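Sequence and predicted structure are below.
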Amino acid sequence: MKVYLANEVGFCFGVKRAINMTRQALAEHNHVFILGDVVHNKTVTSELEARGLVKMDDIDGVRGGTMVIRAHGLPGAQIQEAEERGLSIVDATCPIVAQAQQAARELEERGCQVVIIGDKDHAEIKGIMGALKRPALVVDSIEELRQAKLDKILLRKVGVIFQTTHSFQLCQQIVNELIMMAKEVQVINTICRPVRNRQMDAVELASRVDVMIVVGSHSSANTLELKHLCQRYNPRTIHIENADELDLSQFEGVEAAGLASGLSTPPDLVEQVRARLIAWDQQRRELVNSE
Ligand code: SF4
């Protein structure tokens, strides 16, 4: 069995940057905390918590310390509250997420109703919505968009941005539908280029192997998106968080396996999956040869 790695695996630059900034804050300050997770990956968050990072749900009652802003950003009101309380702030918001927030503000200033294509419960979307003066409409499907039109909450002049990790294909479909509904549609493409490159690369790999493996947290939006995309091109796509979750019986008779990862997956985890597959294949061949 051959195991092919996607061109890029492991952390993207935004995640690497956020982890490094958090490690540095932990090395330099005593009480360091974060609202939510730095990134959506248990291995990473456990490592940082072991170094002293405290995860909190809100800053009620917090009197001092250093607050790290996660890679997906935070709503402006929460940042302002932290500043008013005199907390030191380490802003680890990914610059691409910050650009998406800026794009939404720009569309709002141009007088558009801001429409965000993405998952309304995702931290990044909450951060973008919190950067605006007026409520944005968040949709994740054509059905949700049609419902907004029926509910008469879709205005005539709209400005669209995308969740940075969203599927470009889905965003295109929703924009096509929107063009038929609104009088004026302005679009700023805020999809993160590293995400897009990884998606295209993984899809290409998935379509030429027998089994495709996507490594990443079950709660990571970009990993789930990668899995769904790969599944379209290869129904034998498996999503695992680490090497322990590999069910090796699924690889009997497989000649080529592909391996890709989400952008918040530590590179070591991908390497462990590859090593386990190769070791299993070798053992199996030795067994066959000895018979
Ligand atoms: S996936 Fe893109 S937007 Fe998200 S943290 Fe990485 S580089 Fe930034």
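Happy to help now that I have it.

ok, which stretches of the chain are strands?
Counting by DSSP state E, the chain has strands at residues 2-5, 32-35, 54-56, 66-69, 88-91, 113-117, 137-139, 157-162, 184-187, 211-215, 237-240, 256-261.

now those strands in a markdown table, with distance to Leu226?
Using the backbone N, CA and C atoms, a C-beta is placed for each residue, glycine as well. Output for the strands of the chain, formatted as a markdown table (distance: least, Cβ to Cβ, whole Å):
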| stretch | distance to Leu226 |
| --- | --- |
| strand 2-5 | 14 |
| strand 32-35 | 25 |
| strand 54-56 | 26 |
| strand 66-69 | 25 |
| strand 88-91 | 27 |
| strand 113-117 | 18 |
| strand 137-139 | 21 |
| strand 157-162 | 16 |
| strand 184-187 | 23 |
| strand 211-215 | 5 |
| strand 237-240 | 9 |
| strand 256-261 | 6 |
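
Ok, which of those strands comes nearest the ligand?
strand 157-162 (11.0 Å; Cβ to the nearest ligand atom).

before we move on, the earlier item: with mean pLDDT and mean neighbour count as extra columns, can I get the strands of the chain in TSV?
Below are the strands of the chain laid out as TSV (pLDDT from 0 to 100; neighbours: other Cβ atoms under 10 Å):
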stretch	mean pLDDT	mean neighbour count
strand 2-5	97	15
strand 32-35	94	21
strand 54-56	92	13
strand 66-69	96	23
strand 88-91	96	16
strand 113-117	96	26
strand 137-139	96	21
strand 157-162	96	23
strand 184-187	96	17
strand 211-215	97	27
strand 237-240	97	20
strand 256-261	97	24
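
Relative to Arg193, which of those strands is closest?
For the strands of the chain, proximity to Arg193 was assessed by Cβ to Cβ; strand 157-162 is nearest, at 12.3 Å.

quick one: the closest one to strand 113-117, angle?
Angle, strand 157-162 to strand 113-117, by axes from the mean of the first three to the mean of the last three Cα atoms, to 10 degrees: 30 degrees.
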